[in-house]
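Colleague: dropping the sequence and predicted coords here.
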Amino acid sequence: MIAEHLIAKMIQRYYFDTSVFGGFFDPEFSQETMRIFDLVLEGEILCIYSDLCEQELILAPSRIRKLVEKIPLQFKQKIIVTPECLELAGHYIKNKVVGYTSLDE
């Protein structure tokens, strides 16, 4: 559940896929990614991630899993991939908004 003070503040909601969590430790992306995580920990950004991302993170190195665990519950929200989500993804692919490789099966 999202804390009421976060809703009242209308903080930005960013979707994090597994590459965002991994980017924290990648020298090429670490500076920007660390700043994003600082904003999450300061309550300026709400970390949104999916159940699919959560499953992928089970196999991630422990330092990445610990990074996810470090985010307080009030600053993250898990969403569930539903059939409606998959249908929308199909429309995006069909209309070339994103490529087929964007679909996680």
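Modeller: Nice, thanks for sending it over.
Colleague: give me the residue at the spatial middle of the protein.
Modeller: In the chain, the residue lying closest to the centroid (Cα atoms, centre = their mean) is Phe16, at 1.8 Å.
Colleague: in this structure, which spans are strands?
Modeller: Using DSSP state E, the strands of the chain run over 12-15, 45-50, 76-79.
Colleague: so which of those is the most surrounded?
Modeller: Highest mean neighbour count among the strands of the chain (mean count of other Cβ atoms under 10 Å): strand 45-50, with a mean of 20. (Each C-beta comes from the backbone N, C-alpha and C, glycine too.)
Colleague: and the contacts of it?
Modeller: In this structure, residues lying in contact with strand 45-50 by Cβ atoms under 8 Å, 6 or more residues apart in numbering are 2, 6, 11-17, 36, 39-40, 68, 71, 75-81.
Colleague: then that strand to PDB, C-alphas only?
Modeller: Extracted in PDB, the C-alpha atoms of strand 45-50 (Å, rounded to 0.1, in the frame of the first residue of the first chain):
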ATOM      1  CA  ILE A  45      10.100   8.600  -7.100                       C
ATOM      2  CA  LEU A  46       8.000   5.600  -6.600                       C
ATOM      3  CA  CYS A  47       9.700   2.400  -7.900                       C
ATOM      4  CA  ILE A  48       7.200   0.400  -9.900                       C
ATOM      5  CA  TYR A  49       8.200  -3.100 -10.900                       C
ATOM      6  CA  SER A  50       6.300  -6.200 -12.200                       C
END
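Colleague: before we move on, back to that, residues contacting the residue nearest to the centre of the chain?
Modeller: Contact analysis of Phe16 by Cβ under 8 Å, 6+ apart lists Cys47, Ile48, Tyr49, Cys53.
Colleague: give me phi/psi at it?
Modeller: The phi and psi torsions at Phe16 (degrees, to the nearest 10) take the values phi -110, psi 120.
Colleague: so what's Phe37 up against?
Modeller: With contact set as Cβ under 8 Å, 6+ apart, Phe37 has these partners: Phe24, Leu67, Ile71.
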